[in-house]
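Peer 1: One predicted model, sequence on top.
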Amino acid sequence: EADIYQTPRYLVIGTGKKITLECSQTMGHDKMYWYQQDPGMELHLIHYSYGVNSTEKGDLSSESTVSRIRTEHFPLTLESARPSHTSQYLCASSGNGPGELFFGEGSRLTVL
Amino acid sequence: DQQVKQNSPSLSVQEGRISILNCDYTNSMFDYFLWYKKYPAEGPTFLISISSIKDKNEDGRFTVFLNKSAKHLSLHIVPSQPGDSAVYFCAATPDSGAGSYQLTFGKGTKLSVIP
C-alpha cells in the first residue's frame, strides 16, 4: 500500500499570494516528482528529485520551486500565484522498480 | 508535440463485455510502458506495465498488448465491471532500468462501464 500525502487537497487564493503545496511519503523512496494536470489533458512533469538536496526541472516549464531537505518531504512553492497557475498538482514517488509511480491524491489550486 | 497519444477521450462499454483502450507513441526510444487508472478526486494508481521485450503482459482481468513495429499498445479489460469506470492513462519511458524517472503521459481515456 502506497503512503504519499498531499495537503491541501483544495486551495482557492488571490493573485499575488505565496503558497506552498506539501507532499510527504513514508515509503523511504529516493525519487519524488511533481506533475501538473489540467482537466482532460496529460500529466506534465514539472519537477523531480533523485534524493536529498537534489532537484531538477521537468519537461514543462514552471514558475514554481521545490526543495528536498528530507527524504520524505518534497514541498512545492509558488512565490506569487497567478490565475495561469490554476491547475491540479500531483506529487509522486518511486522506488527502484522501473517507472512505477505512487501518486498522492493531488492538490487542486485555483487562483482568482 | 505529443509523444504519447490516446485518441479516444471516452469509451462506453456494457458490463461483462471487453473494454479495449488504445495508445500510440512516436518516440522510438520508449521501451517501457505503463497504464494508470484514475478515479475522480484521487491520484492515478498503477495498473499494469509492459517492457518492449514482450508483446503481452497479463494480470487478472487486465492484459496489455504491445506492437512495437506499429508503436501501438492496448489495454484489454475482460470482463468489464462498473468499478472499472475511471480515466485510464497510458505512459511511457525510455529506460526500464533504474534511470526511468520521467514518464510521458497521454491525455487519458474515460471509460464508462454501464451496468
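Peer 2: Received the coordinates, thanks.
Peer 1: from here on, contacts and neighbour counts on C-alpha atoms
Peer 2: OK.
Peer 1: Any chance of the backbone angles for B:Leu103?
Peer 2: Dihedral angles of B:Leu103 (phi, psi; degrees, to the nearest 10) stand at phi -90, psi 140.
Peer 1: what's the pLDDT at the closest residue to it other than its chain neighbours?
Peer 2: In space, and not counting its chain neighbours, B:Leu103 is closest to B:Thr93: 5.0 Å by Cα to Cα, 6 or more residues apart in numbering or on different chains. At B:Thr93, the pLDDT value in this model is 89.
Peer 1: Count residues in the vicinity of B:Thr93, would you?
Peer 2: Neighbour count of B:Thr93, defined by other Cα atoms under 10 Å in any protein chain shown: 23.
Peer 1: what are the bridge partners for it, then?
Peer 2: For B:Thr93, the beta-bridge partners are B:Tyr32 (DSSP bridges).
Peer 1: I'd assumed B:Ser52 was in contact with it.
Peer 2: No - B:Thr93 is beyond contact range of B:Ser52, at 10.6 Å (criterion: Cα atoms under 8 Å).
Peer 1: now A:Phe74: how far from A:Gln6?
Peer 2: Computed as Cα to Cα, to the nearest Å, the A:Phe74 to A:Gln6 distance reads 10 Å.
Peer 1: which strands and helices sit next to the lowest-mean-pLDDT helix or strand in chain B?
Peer 2: None of the helices or strands of chain B scores lower by mean pLDDT, DSSP states H and E than strand B:104-105, at a mean of 92. Under the contact definition 3 or more Cα pairs under 8 Å, 6 or more residues apart in numbering or on different chains; DSSP states H and E, strand B:104-105 sits against strand B:86-93.
Peer 1: can you map out the strands along the chain?
Peer 2: In the absence of a named chain, chain A is used. Per DSSP state E, chain A carries strands over the ranges A:4-7, A:10-13, A:19-25, A:31-37, A:44-49, A:56-57, A:65-66, A:76-78, A:87-94, A:102-103, A:107-111.
Peer 1: wrong one, I was asking about chain B
Peer 2: B:4-5, B:10-14, B:19-25, B:32-38, B:45-51, B:56-59, B:62-67, B:72-77, B:86-93, B:104-105, B:109-114.
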